[in-house]
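*Asks:* Return a 3D structure for these sequence lines:
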Amino acid sequence: MRLSTTSLLPLLAVATAILAVPTNDQVLLNELGTVANEWQHAAKDILREGERRVTKWVDGGREFVQQHGLTYELVSHPAFSEHHLRMTQPSLCDPAVKQVSGYLDIADDKHLFFWFFEARHNPKEAPLVLWLNGGPGCSSTTGLLFELGPCRIAEDGKNVTYHPHSWTESANVIFLDQPVNVGYSYADGDTSVNTTPVAAEDVWAFLELFLTRFPQYAKLPFHIAAESYGGMYAPNIASVVHHKNLGLAKNVPEFAPGLVHINLESIMIGNGITDPLVQMPSVPDAACEGEFPVFDDPEGPQCQALRSKAPTCQRLMKSCYTFDNKFTCVPALLYCNSQLMGPVMQTGRNVYDVRRSCDRSKDGDLCYKELQWIETWMNLPETKRSLGVNPSIDFQSCNMQVNQNFALQGDGARNRAKLLPELVESGIRLLIYAGDADMACNYIGNERWVEQLENKFHEEFAKTSKQPWTTLDKGEVAGWVRSAGGDGFTAGNVTYVQVHAAGHMVPFDQPEASLDLISRWLADVPLTLNVSELAGRMPFGGW
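*Replies:* From the prediction side, this is the model:
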């Protein structure tokens, strides 16, 4: 006889009732089980307590701390009562070079992750570069493993491969995850950062602590390099570093003894958003008449509709610039993004490289499957352990909640370009480069804001025309350069580079050209010279 599921239900109910009546043996087993569970919970509590326990000691004049089952060197400074470094020395990615990773701990609630690599060649003389990714909310480790670092993610996140065109060929590089809750960076409790200026003071404290611990890098030229929303971060950080340097030079009483002068030499921004009043209205021009147009007909309905929205975007941005508060900046950001960027995204193209289509079901929300691979590799227990990361922390390439927090403050509509003239006037060089297939922060808008930037090189830059930039290895034209300052003997004081056939992430799309660009800029030699003209002018042993 075949029983249906319905007919079985009463039988199951009866059987359950019988099993629910314990025998004497069952009572004993249950009691033993309860004791075992209590012991198990007690053991787990002891393990958790061990993870929470912090043990400190001094060895060889250096302080160490053990927590989360990991051992770190602890670096402090009398000038920073609420900041210290907690670091270890991994051997991942590029084991042949010296590495340092760990955290800048701020008070008891904010913890910023960093990962440092020495230069592959002559690290004692190679410049020091701080790299910041944008978002806001995206980890600088994505830049490390996807763009310019000494290794690249591979095999669906199961492995990394050696990257021959890493910027560490020419520089010592620090990758810093900021603000909190980005990448491996974390906060205890509900602490968050939602505006760009807030993070700049913490970054300066990090640099001071790092250079105090590693004085061999303190004498080197220092460069701030940033991408995308890093065009907002970099001017703020550079401004703080510059003004702290001025205070140190004047022996201002607020500075404690032992602080170092940071040799800030340049700011480098790749496909950044820095002056949204100028950049956002350029979207119709790039989308309709740029090197890689999104719409086929520059006079068609899509382009006409885009152009009709630009004046309102510009008017709202002007209001944000004038009043500089979230009540004027949030509406500007929302309108410009939805009305100008929205139609571009609806085409199905990859907004970061419009030569590509974007299938978010396969490629992820940001159109690159490699970002998902990075999360896989960074969340491996052995990766975390080597880098000194608490095993309970989950790595995210981009944190959309942080992105939203910044947007709700209208941070992305603020004028950060206004911080740059003072820096340029003081001799700090400025490089803006942009891949011409990017629509997120397009090359036309980047060139325009540099051209309009008020500084002592303004008139000279406005008179320049684009000159070809030819890579040294292959002798191929990789883009176009406009430069002012230096009289042709240097890389310039204000320089703009259009990188051909590259999207938002220039080092990913054009790794060889990217290394050529950055090596020449760091060496301060002209980008327009060829191999024979550059002979004998490259420091650090050349390429």
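*Asks:* got any ranges where this protein has weak pLDDT?
*Replies:* Regions of the chain meeting the criterion pLDDT under 70 cover residues 1-53, 190-195, 253, 531-543.
*Asks:* can you tell me the helix or strand for Val450?
*Replies:* According to DSSP states H and E, Val450 maps onto helix 443-452.
*Asks:* buried sites along that helix?
*Replies:* For helix 443-452, the neighbour count (16 or more other Cβ atoms under 10 Å) marks Tyr443, Ile444, Gly445, Asn446, Glu447, Arg448, Trp449, Val450 as buried. C-beta here means a position set from N, CA and C on the backbone, and glycine is covered the same way.
*Asks:* From the chain's centroid, how far away is the next helix or strand after that helix?
*Replies:* Using DSSP H and E, the helix or strand that follows helix 443-452 in sequence is helix 458-462. Distance, stretch centre to chain centre, for helix 458-462: 31 Å (Cα atoms, centre = their mean, to the nearest Å).
*Asks:* which outside residues touch the helix or strand that helix 458-462 is followed by?
*Replies:* For helix 458-462, the succeeding helix or strand toward the C-terminus, using DSSP H and E, is strand 467-470. With contact meaning Cβ atoms under 8 Å, 6 or more residues apart in numbering, strand 467-470 is reached by 476-483, 497, 517, 527-528, 530.
*Asks:* nearest to Gly388, of those residues?
*Replies:* Nearest to Gly388, judged by Cβ to Cβ, of the contacts of strand 467-470 is Leu517 at 32.6 Å.
*Asks:* and the closest one, how many residues sit next to it?
*Replies:* Counted by other Cβ atoms under 10 Å, the residues lying close to Leu517 total 27.
*Asks:* Report the contact partners of it.
*Replies:* Contact analysis of Leu517 by Cβ under 8 Å, 6+ apart lists Tyr433, Trp469, Ala478, Val497, Val499, Leu527.
*Asks:* Does the fourth one have any beta-bridge partners, and if so which?
*Replies:* The residues listed as beta-bridge partners of Val497 by DSSP bridges are Tyr433, Val481.
*Asks:* and the gap between it and Leu527?
*Replies:* Separation of Val497 from Leu527 (Cβ to Cβ, to the nearest Å) stands at 7 Å.
*Asks:* For the helix holding Val450, give me every contacting residue.
*Replies:* 271-272, 274-275, 278-283, 285-286, 290-291, 417, 430, 432, 434-436, 461-462, 482, 494, 496, 498-499.
*Asks:* Among those, name the buried ones.
*Replies:* By 16+ other Cβ under 10 Å, those give 271-272, 274-275, 278-283, 285-286, 290-291, 417, 430, 432, 434-436, 461, 482, 494, 496, 498-499 as buried.
*Asks:* can you tell me which of those residues are in helices?
*Replies:* Counting by DSSP state H, those place Val278, Gln279, Val283, Asp285, Ala286, Phe461 in helices.
*Asks:* Just flag the most distant two among those.
*Replies:* Pairwise distances across these (Cβ to Cβ) peak at 23.2 Å, for the pair Val283 and Phe461.
*Asks:* Just confirm Val499 contacts Ala434, I think it does.
*Replies:* Yes. With contacts counted by Cβ atoms under 8 Å, Val499 reaches Ala434, the gap being 6.6 Å.
*Asks:* circling back: ok, so of the ones in helices among the buried ones among the contacts of helix 443-452, who is nearest His223?
*Replies:* Looking across these and measuring by Cβ to Cβ, the closest to His223 is Phe461, at 20.3 Å.
*Asks:* what sits against the closest one?
*Replies:* Counting by Cβ under 8 Å, 6+ apart, Phe461 touches Val450, Glu451, Arg482, Ser483, Ala484, Val494, Tyr496.
*Asks:* rerun that using 6 Å as the cut-off
*Replies:* Applying Cβ atoms under 6 Å, 6 or more residues apart in numbering, we find Phe461 in contact with Ala484, Val494.
*Asks:* what's the distance between it and Val494?
*Replies:* Using Cβ to Cβ, Phe461 is found at 5 Å from Val494.
*Asks:* where do the contact lists of those two overlap?
*Replies:* Contact criterion Cβ under 6 Å, 6+ apart; residues shared by Phe461 and Val494: Ala484.
*Asks:* Show me the contact partners of the helix or strand hosting Arg86.
*Replies:* For Arg86, the host element (DSSP H and E) is strand 80-88. Strand 80-88 is contacted by residues 72-76, 100, 102-107, 205, 209, 388 when judged by Cβ under 6 Å, 6+ apart.
*Asks:* re earlier: for the contacts of Leu517, pick the one with the most neighbours.
*Replies:* The residue in the contacts of Leu517 with the most neighbours, by other Cβ under 10 Å, is Val497 (29 neighbours).
*Asks:* residues touching that residue, list them.
*Replies:* Contact analysis of Val497 by Cβ under 6 Å, 6+ apart lists Tyr433, Gly479, Val481.
*Asks:* can we see that at 7 Å?
*Replies:* By Cβ atoms under 7 Å, 6 or more residues apart in numbering, the contact list for Val497 reads Tyr433, Trp469, Gly479, Val481, Leu517, Leu527.
*Asks:* Next: Tyr162.
*Replies:* So Tyr162 contacts Cys151 (Cβ under 7 Å, 6+ apart).
*Asks:* give me phi/psi at it?
*Replies:* phi -60, psi 130 (degrees, to the nearest 10).
*Asks:* who's it bridged to?
*Replies:* Counting by DSSP bridges, Tyr162 is bridged to Cys151.
*Asks:* now it: how far from Glu169?
*Replies:* From Tyr162 to Glu169 the distance is 12 Å (Cβ to Cβ).
*Asks:* pretty sure Cys288 belongs to a strand, no?
*Replies:* No. Using DSSP: H, G, I helix; E, B strand; the rest coil, the assignment for Cys288 is helix, not a strand.
*Asks:* That one contacts Phe295, correct?
*Replies:* Yes. Using Cβ atoms under 7 Å, Cys288 makes contact with Phe295 at a distance of 5.4 Å.
*Asks:* shared neighbours of those two, which are they?
*Replies:* Common neighbours of Cys288 and Phe295 (Cβ under 7 Å, 6+ apart) are Cys303.
*Asks:* Report the contact partners of the most centrally placed residue in the chain.
*Replies:* Centroid-nearest residue in the chain, with Cα atoms, centre = their mean: Asn133, separated by 1.7 Å. Contact partners of Asn133, counting by Cβ under 7 Å, 6+ apart, are Ser139, Ser140, Thr142, Gly143, Glu227, Ser228, Gly230.
*Asks:* Please flag which of the residues you listed sit within strands.
*Replies:* If you go by DSSP state E, these have Glu227 in strands.
*Asks:* Among the contacts of Asn133, name the ones in helices.
*Replies:* Ser140, Thr142, Gly143, Gly230.
*Asks:* gap between the third one and Trp57?
*Replies:* With distances taken as Cβ to Cβ, Gly143 is found 35 Å from Trp57.
*Asks:* Looking at these two, which is more packed in?
*Replies:* Counted by other Cβ under 10 Å, Gly143 and Trp57 do not tie: Gly143 has more neighbours, with 27 against 11.
*Asks:* Test my guess that that one contacts Trp131.
*Replies:* Yes. Applying Cβ under 7 Å, one finds Gly143 in contact with Trp131, separated by 5.6 Å.
*Asks:* list residues touching both of the two?
*Replies:* Contacts common to Gly143 and Trp131, judged by Cβ under 7 Å, 6+ apart, are Phe175.
*Asks:* I'd like the contacts of strand 467-470 laid out as JSON lines, including distance to Ile393.
*Replies:* Below are the contacts of strand 467-470 laid out as JSON lines (distance: Cβ to Cβ, whole Å):
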{"residue": "Glu476", "distance to Ile393": "43"}
{"residue": "Val477", "distance to Ile393": "45"}
{"residue": "Ala478", "distance to Ile393": "39"}
{"residue": "Gly479", "distance to Ile393": "39"}
{"residue": "Trp480", "distance to Ile393": "43"}
{"residue": "Val481", "distance to Ile393": "42"}
{"residue": "Arg482", "distance to Ile393": "44"}
{"residue": "Ser483", "distance to Ile393": "43"}
{"residue": "Val497", "distance to Ile393": "37"}
{"residue": "Leu517", "distance to Ile393": "35"}
{"residue": "Leu527", "distance to Ile393": "41"}
{"residue": "Thr528", "distance to Ile393": "46"}
{"residue": "Asn530", "distance to Ile393": "49"}
